[in-house]
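Undergrad: the following comprises the amino acid sequence and a computationally predicted model.
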4 protein chains.
Amino acid sequence: MGKNYLYYHDFFGDSEQHIHGVEKVLVEKRTPYQFVQLVRSPTFGKMLIIDGDIQSTECDEYIYHEAMVHPPLILLDSPRKVVILGGGEGATLREVLRHRSVLKVFMVDIDAEEIEISKKYLSEWHQGSFDNPKATILNMEARKFIETQLSSQSVDVIISDLTEPFEGGSSNRLFTKEFFETVYDRLTEYGVFAVQASLLRITDFSMHGAIRNTLLTIFPIVRSYLTYIPSFDTTWGFVIASKKKDPINLGRQEIDELIASRVSGALRFYEGDTHIAMFSLPKDIKEALKKTTEIITDAHPILLKRKEDR
Amino acid sequence: MGKNYLYYHDFFGDSEQHIHGVEKVLVEKRTPYQFVQLVRSPTFGKMLIIDGDIQSTECDEYIYHEAMVHPPLILLDSPRKVVILGGGEGATLREVLRHRSVLKVFMVDIDAEEIEISKKYLSEWHQGSFDNPKATILNMEARKFIETQLSSQSVDVIISDLTEPFEGGSSNRLFTKEFFETVYDRLTEYGVFAVQASLLRITDFSMHGAIRNTLLTIFPIVRSYLTYIPSFDTTWGFVIASKKKDPINLGRQEIDELIASRVSGALRFYEGDTHIAMFSLPKDIKEALKKTTEIITDAHPILLKRKEDR
Amino acid sequence: MGKNYLYYHDFFGDSEQHIHGVEKVLVEKRTPYQFVQLVRSPTFGKMLIIDGDIQSTECDEYIYHEAMVHPPLILLDSPRKVVILGGGEGATLREVLRHRSVLKVFMVDIDAEEIEISKKYLSEWHQGSFDNPKATILNMEARKFIETQLSSQSVDVIISDLTEPFEGGSSNRLFTKEFFETVYDRLTEYGVFAVQASLLRITDFSMHGAIRNTLLTIFPIVRSYLTYIPSFDTTWGFVIASKKKDPINLGRQEIDELIASRVSGALRFYEGDTHIAMFSLPKDIKEALKKTTEIITDAHPILLKRKEDR
Amino acid sequence: MGKNYLYYHDFFGDSEQHIHGVEKVLVEKRTPYQFVQLVRSPTFGKMLIIDGDIQSTECDEYIYHEAMVHPPLILLDSPRKVVILGGGEGATLREVLRHRSVLKVFMVDIDAEEIEISKKYLSEWHQGSFDNPKATILNMEARKFIETQLSSQSVDVIISDLTEPFEGGSSNRLFTKEFFETVYDRLTEYGVFAVQASLLRITDFSMHGAIRNTLLTIFPIVRSYLTYIPSFDTTWGFVIASKKKDPINLGRQEIDELIASRVSGALRFYEGDTHIAMFSLPKDIKEALKKTTEIITDAHPILLKRKEDR
C-alpha cells in the first residue's frame, strides 16, 4: 500500500472487505437507475463499479464475458436470433457477434445513460459492437420487452447479464419463476437461457442456489457452471437452462472444433478444457446446491441488501 | 464492517489488500523459523497465518488438503511409503492416512514449535493424525532429510506442502532444480512428486510458472492443476511431477471408483468431477504458463519479498 | 503499512475509520460488563480498548489522566476526600494520590474483572496505586454508591472517569440530571465535580454539549476544557462543575506554585500553561456549545449507538 | 462504513492509516509540481489533497488559515506589505486581506496550474481574493522571489504556507538556514515571519523542532504555536519568528480589541482565547522541543519521505 491515495472498498460482508488501489477516477455518474463509477486500478486497469459492485475490469472482463456467452451459443447447432438482457458494457454483445450463425441480436438495457458511458469510455469492452448492423439496442425494461415484444418460440438464446436483484433495484422482477416461464415460452424448440447467477463459493451460494432452483421448476435441463474472476476475488456462478440439449454432453475436442468452425477471432479464455472445468463442480458445491430449496416468485422475491443499507 | 475491532490485513500487492474481521486472537508466537498467528474469523472460523500469509482455515482447509494429497496418491496403484515436506497443520498427513495402502508416512517439518501449536490448537485439522502409528514426525531440514535419510527409489509419493520461498525464509532451497533432482532419485519407478505451487491466476502466475518449469527439466510428466480457495480469495496452483503415470488420463468414474475402494471416510471436495476440473486449465492460464521461462537453481533462486519488506 | 498483519480499526463514524497496527494482542476478555482488549501498537505501546473504543495507551495516557485529575484538585485549597467513578486502569487513582492533602480515595468501578486485568497488565498505568492504603476499591454500581454510601456534603472532589453512555451500556444512568443532583448534594461547600465528557471538536460536540448543559442546570460554575489526545486522534472534552471556585481564575504561575508545593513527583503534561490552554476554548467551539440545548434526564437519556449496531 | 465505495487513505506512518469516505472525486490533476486531488467527503465537504496529504477542507480550513495569518499580522501595529509563499488555495490571501492596514500582498506560488484549480473549484476558500487589487499573484520559485525581487527591510510580514520539504519536492530549499537568513534581511525593523511548521504532537515533532531550531539561529524571538485541525486528526504546528515583538505578550482582551478595530468581517476561530491557547504549549511538547537539536541547511536539508516511496 502507499502508492495510491484513493481506494475502492469492495464489501464482501460484515467482516470482509477487499481494497483496490485507484490511480484515477474516470467517471462518477448517478443515472436514473444506478450509480456508475469507472476507475483505473494498477492491477486490473479500468474497473467498472455499479452501486458499489465490480461489474468487470479491462484486465479480466474476457473471462466473464466468454463464460457468459459461449457455452449457450456453442450448445446450439446454429443460433440465429439472440436476446441479451442487460449487458451494458457491450462485451456480451461483442462475444455473441463472434458467432457467424447469428443474424440478429437484441440488447435490452433499461439504462440509456450507462450505455452512453460504455460507448464513450469502454471501447476495450464493446469494440464497436453497438454499431454492428446485426445489433439492436433497446432502452426499455427487460421484462416488458420479453412479455410484449417477442412472440412464442421466436428466440434461440436469451442471455441474462443483469445486476443481481437488490432491494429497490431494477432487476428484481427479472429473476422470478413467472418471468422465467415467459422466457421459456419465447425460446425456440431447442432454445437456451443463460443467466449470470451471483457468486458461487462454499461460503456464499444462496442466491445462486435460488436462481438455479427456480429454473429447475421450468426447464428440463438446468446446469450450474462457475469460473474464477480475479477482480471479483471469487468464483462466479452461471446457469444454463435448456429445452433439449445438455452442455455436459459436449466433449473437449468437439468444443474446440465447434469454436474453430463457427466463432470468428481468437478466444482468450473459453475452449474445450475451459468448458469441461466450468461444468465440473467440486463435490462440496454440488452438495451445497442440493440442499438449497428456495424458489423466487413475484410474490416472494429474494433480494440482496444494498451495501449502503448494511 | 463494524462488528469486529481487530482485522487481519492480507496484502495482495502494493495496491491490493484483503481485510478479514477477527473475533479472537488465539495464538501469536514467533518460533525460531516463523511468526505464527491463529485467529478466529466470523466467516472462516480458525485461521492460521504464518508470516502474514493465510495457510488454511477451519472452514475451507479440506479443499486445500484434499487437492494437495489425493491427486498424487490416487494416481498410483498402491502407494505405500509417503513423505510429506512441511504440512505443519497435520491435515496433509490426515488425508494421506486415509489411503489404506499407505504403510508409512514421514512428515518432515523444521519447526517443532509450530507442530506443538498444531497439536494443541488445530485438532480440527490433524484429527489425531500425529499419533497414528504409521506416521513419523521429524523436526529437521527437509532437504537434509531427502538427501541423507532416504535411499534411491525408496518412496512412492513425496508431497511438498511448504511455505513459498521468501527472502530469508526456511523453504528457499526446497524449490530448486538441484533439490528436485534428488527428489526424483528418491522416488520409486512410478513415483510421484506433488508440490503446492503458489497462487495461479492470470494476474499472478510467475512463481507457479517457475516451479513448473524447473520440474519440467527433470520429470517426464509435469501437470499444473488449480482450485479456488475461498479464504485465499484466489485460485491456487499445484504441480504433479510424475515418472510414468499422467493424472490427465484418469477418468471421472475411474476416480470415483478408486476413491470408493481405497480411501477411508468420506471426502468433502475431491472426486472425479473435481479432478477433471482441477486439471483442465483455462486457455489464458495455459498460454501464460507457456510463456514463463525461469528455472530455479541453488545459484539463482527466485525469492518472494516478505510483506514486511515491501 | 505492511509491517503488521493485525490492525485495530477505530470507527469514527460511517465514513471515517482510523487503523492502528497491532504487534501483539495481550488480552481479549468479555467481562460481565464490557469487552476488554489490550493490544500493543508500534506507535502507542500498550493500548486499552473497551467495546471497540480506545480508553488510553501506554504512550499518552498521562495526558488524559493528568487532564482529568489535576484541574479539579488544584482548584481546592486542600482536597481530602475524593471519589473516582470508573477509572478502571488505576491511573486516575495514581494522579489523585499524588496530591499530598488527599487522605481518602474511593474508587468505584462496577467491573471487578476489568480491574483484575488492570492489576495484572497495566502496571505502567496504576503503578501500584490499587495497594495504596488511602485507596478503597469498590466494585459496585457508581450511582448506587453515590446515593446510598455517602452522606451530604461529605466529599471534596468527585471525578467521573466513566465510559460514555452507550445503548445498553453500564454508564447510562451516570450522566443524567437526577444523578448530577445527588452528586451536587454529596459535595462539600467548595466541592468540585470533574467529568470526562466525550470528544470535543467542531465536527463532534453534541454529547459534550449535552453533559455540559445538564450540569449547567445544577452547578453555578461549569467550565468545559479540552486537550488533544494523540491515540484518540482528536481533542477530548472534560467539564468541571464547581460550587464556588472557578478554574479560569487560576493564573499560570499560581498553578505552577501550587503543583510544586502540593503534588508529589513530576507531572509530564499539566502545568500553568497547560491549564490556560485547556480552558481557553477557541471561538468556534464556544459558539457551537452555546447552541447546544439538550438536557440528559433519567426519563430522556441521550445514548450513543454501540459500534456493532451501526 | 459502507455508504461510500471510494476512500481516501491518509498514511500516518507505517502502521497508522486514516480512512475518509469519498462521495465524489472532483479533480485529479498532475501538475508539473504535484499531484492535486479534490474530493468530497461526507464529514469534511471538499477536501484538497496534494501528493497524498490533506491540505485543507471546506469544513475546517478556517481553523488552519486563521491560525496561519492572524497571529503574525495582529502582532504588528500596522502591517502594510505582506508576502505569502505558497498558499495556493487563496485562503491565506483571503485572511491577510481582511486586515485593513494591508496595502499590498504578493502571493508567490510556483504552481500556476494549482492556482487555476483553486480559482475554478475552491471559491469557498479564496472568495474572490485572487482578484483583489491589493493582491499580486506570482508563479515563480519562492526562494528566487525573496532573493531577487525584494529589497532589504521592505516587507512587514512574510507567511510561509508551503507544503513540507519532501524528497524531490518543490519546497526543499524553503526551510533552510540560508533561506531564512534572506527572509530576515527582507523584513522591516519590526518584521515577522510566520511558518506552517508540520505536525506537532508528542508522537511526531521532529520536523517542527528542526524548523524551529533553524529559525532560532537567526531571529531573536521564535515561538511555536499549535492548534488541532479535525481533518488532519492531529494538532498542527506553526512558528512565529519575530525581530522585535513577542506574541506571548499579547493579552486576551487586547487581541479582541485589535481584531475589532483592524479586521473586517467576523472571524470564526481566532480571538483572544484562541491566541492564548495556541501559544500555551503543554509541558510535554515544550520538553520534547527542547531536546530537538537539528538545524536545516542547504548542504544538509531534512527531507520527509514521500508516501509512495515508503
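TA: Arrived safely, thanks for sending. Because the structure is a prediction, the values reported are computed rather than measured.
Undergrad: longest helix of chain A?
TA: When chain A is parsed with DSSP state H, its longest helix is helix A:61-75.
Undergrad: that one close to chain B?
TA: Yes: using Cβ under 8 Å from any Cβ of the partner chain, we find that helix A:61-75 touches chain B at A:62-63. All C-beta spots, glycine's among them, are computed from the backbone N, C-alpha and C.
Undergrad: which element follows that helix toward the C-terminus?
TA: Using DSSP states H and E, the next helix or strand after helix A:61-75 towards the C-terminus is strand A:81-86.
Undergrad: just the angle for the longest strand anywhere in chain A relative to strand A:81-86, thanks.
TA: In chain A, assigned by DSSP state E, the strand with the most residues is strand A:187-199. With axes from the mean of the first three to the mean of the last three Cα atoms, to 10 degrees applied, the angle from strand A:187-199 to strand A:81-86 works out at 30 degrees.
Undergrad: how far away from the center of its chain is strand A:187-199?
TA: 10 Å (Cα atoms, centre = their mean, to the nearest Å).
Undergrad: same check, this time on stretch A:28-47
TA: The chain centroid and the centroid of stretch A:28-47 are separated by 18 Å, computed with Cα atoms, centre = their mean.
Undergrad: show me which positions of that stretch end up buried.
TA: In terms of neighbour count (16 or more other Cβ atoms under 10 Å in any protein chain shown), stretch A:28-47 has its buried residues at A:28, A:31, A:33-34, A:36-41, A:43-47.
Undergrad: thinking again about what came up before, check which residues of the longest strand of chain A are buried.
TA: When neighbours are counted by 16+ other Cβ under 10 Å, the buried residues of strand A:187-199 are found to be A:187-188, A:190-199.
Undergrad: do the same with stretch A:247-265
TA: Going by neighbour count (16+ other Cβ under 10 Å), the buried part of stretch A:247-265 is A:247, A:250, A:255, A:258-259, A:262-263.
Undergrad: and chain C, which of these reach it?
TA: Among the buried residues of stretch A:247-265, not one lies near chain C by Cβ under 8 Å from any Cβ.
Undergrad: give me the subset of those that lies in helices.
TA: Among the buried residues of stretch A:247-265, DSSP H puts A:255, A:258-259, A:262 in helices.
Undergrad: how does chain A divide up, domain by domain?
TA: The record's domain split for chain A, according to automatic domain parsing, is A:6-55, A:61-304.
Undergrad: turn the ones you listed into TSV, including distance to C:His70 and mean pLDDT.
TA: Conversion of the domains of chain A to TSV gives the following (distance: least, Cβ to Cβ, whole Å; pLDDT from 0 to 100):
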stretch	distance to C:His70	mean pLDDT
domain A:6-55	42	94
domain A:61-304	52	96
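Undergrad: can you put the ones you listed in JSON lines and add distance to chain D?
TA: Supplementary listing: the domains of chain A in JSON lines, determined by distance: least, Cβ to the nearest Cβ, whole Å:
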{"stretch": "domain A:6-55", "distance to chain D": "4"}
{"stretch": "domain A:61-304", "distance to chain D": "14"}
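Undergrad: please see if stretch A:5-13 touches chain B.
TA: Yes: contact check for stretch A:5-13 against chain B, using Cβ under 8 Å from any Cβ: residues in range are A:7, A:11, A:13.
Undergrad: now do that stretch: distance to the chain's middle.
TA: Using Cα atoms, centre = their mean, the offset of stretch A:5-13 from its chain centre is 22 Å.
Undergrad: report the buried residues of it.
TA: Neighbour-count burial for stretch A:5-13 flags A:5-12 (criterion: 16+ other Cβ under 10 Å).
Undergrad: ok, residues contacting it?
TA: Among residues not part of stretch A:5-13, those counted as contacts by Cβ atoms under 8 Å, 6 or more residues apart in numbering or on different chains are A:17-22, A:25, A:37, A:39, A:41, A:47, A:49, A:52-54, A:233, A:307, A:310, B:1, B:15, B:43, D:1-2, D:4-10, D:22, D:25, D:37, D:39, D:49, D:52, D:307.
Undergrad: quick one on the thing from earlier: so which pair among the buried residues of stretch A:28-47 is furthest apart in space?
TA: The largest separation in the buried residues of stretch A:28-47, counting by Cβ to Cβ, is between A:Tyr33 and A:Thr43 at 28.4 Å.
Undergrad: quickly run through the sheet partners of the longest strand of chain A, with directions.
TA: Paired neighbours of strand A:187-199 in the sheet (DSSP bridges): strand A:155-161 (parallel), strand A:234-242 (antiparallel).
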